[in-house]
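Visitor: give me coordinates for this.
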Amino acid sequence: MLSRGPTSAILALLAVLLFTHPASAIKFALQAYRYPPAKCIWNSAHPNALVIVTANVSPGADQRIDVEIIDSSPQKNVYLHKKGINGETRLAITAHSEGEVGVCFRNYLDHDVPSQDAKKKSRIIDLDVDIGADAVDYNAIANQESLSGLETEMRKLEGIVKEIVDEMDYLKRREERFQNTNMSTNLRVQNFAWFTIIALLALSAWQIFHLRAFFKRKYLID
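Guide: Numbering: from 1, shown residues only. Next up, the predicted model:
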């Protein structure tokens, strides 16, 4: 059985990590257009990270909300595309590459709506994006594995610590990549500097021999 002191310390540490862990929630109005532009909300995600998107769309006549989840990789991966979402919609994907995952909305206006009424048409979207440990339903895990409250909190802490370790590994890899790029750039600059010095010396020697030959033809020197 855990003593009161260690238990309090563990819960205090857990509270600090849980309350300082970033969350992504936003509420905004989306104007309707016949040919609407996409409004995208971006969040950073690591490969194989679970991403849970919860969108709550307010009612709105003569409008259709479409949602698309993409990423910022060079491949421009499209994870899903869903038309005509209403009310609360819950979507889940797994990120494929390092970068940002974007949740994009478009609000289509029906062609029957007069142009003068178009500016009055909009819908409110309440968006919540959970990534990594935040996206895991620990209550379901606790019920399935019959975990106690402390064990459930420790499982959450384990997920958060794993995310921190993954983030540190990513930063280490990025630092190594930047260091390799820096070393390669320095080597190229050094090689270019040596090439410039050698070219200048060769040009100077050619000018000397050329002037010497010119003066000899003019009988100015022996």
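
Visitor: and stretch 107-116, how far out from the chain's middle?
Guide: Chain-centre distance of stretch 107-116: 34 Å, with CA atoms, centre = their mean, to the nearest Å.

Visitor: my guess is Lys121 meets Ala32, correct?
Guide: Yes - between Lys121 and Ala32 there is a contact at 3.9 Å, judged by CB atoms under 8 Å. For glycine as for every other residue, the C-beta is placed from the backbone atoms N, C-alpha and C.

Visitor: overlap of the contact sets of these two?
Guide: 60, 62-63, 107, 109 (CB atoms under 8 Å, 6 or more residues apart in numbering).

Visitor: the residues you listed in strands, which ones?
Guide: Among those, DSSP state E puts 63, 107, 109 in strands.

Visitor: pick the one among those residues closest to Leu203.
Guide: Checking those against Leu203 with CB to CB, the nearest one is Asn107 at 66.6 Å.

Visitor: show me what contacts the closest one?
Guide: By CB under 8 Å, 6+ apart, Asn107 lies in contact with 30-33, 36, 63-65, 121-123.

Visitor: drop anything exposed from those.
Guide: Using 16 or more other CB atoms under 10 Å as the burial test, the contacts of Asn107 include 30-32, 36, 63-65, 121-123 as buried.

Visitor: what does the pLDDT read for Thr89?
Guide: Note for Thr89: predicted pLDDT of 92.

Visitor: please state the offset of the helix or strand hosting Ser204 from the chain centre?
Guide: For Ser204, the host element (DSSP states H and E) is helix 149-217. Averaging C-alpha positions (CA atoms, centre = their mean) puts helix 149-217 25 Å from its chain's average.

Visitor: and that helix, what does it pack onto?
Guide: Secondary-structure packing of helix 149-217 (3 or more CB pairs under 8 Å, 6 or more residues apart in numbering; DSSP states H and E): helix 4-20, helix 138-145.

Visitor: worst mean pLDDT among those?
Guide: helix 4-20 (a mean of 48).

Visitor: one step back: out of the shared contacts of Lys121 and Ala32, which is nearest to Phe209?
Guide: Set against Phe209, the nearest of the shared contacts of Lys121 and Ala32 by CB to CB is Asn107 (77.2 Å).

Visitor: rewinding a little: TSV for the ones in strands among the shared contacts of Lys121 and Ala32, including pLDDT?
Guide: Shown next, in TSV, are those (pLDDT from 0 to 100):
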residue	pLDDT
Gln63	92
Asn107	94
Leu109	91
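
Visitor: and after the least confident helix or strand in the chain by mean pLDDT, which helix or strand comes next?
Guide: Least confident element among the helices and strands of the chain, by mean pLDDT, DSSP states H and E: helix 4-20 (a mean of 48). Moving toward the C-terminus from helix 4-20, the next helix or strand (DSSP H and E) is strand 24-31.

Visitor: got the contact list for that following strand?
Guide: Residues from elsewhere that reach strand 24-31 (CB under 8 Å, 6+ apart): 39, 41, 43, 65, 105, 107, 119, 121-131.

Visitor: how about a cut-off of 7 Å?
Guide: 39, 41, 43, 105, 107, 122-129 (CB atoms under 7 Å, 6 or more residues apart in numbering).

Visitor: thank you, goodbye.
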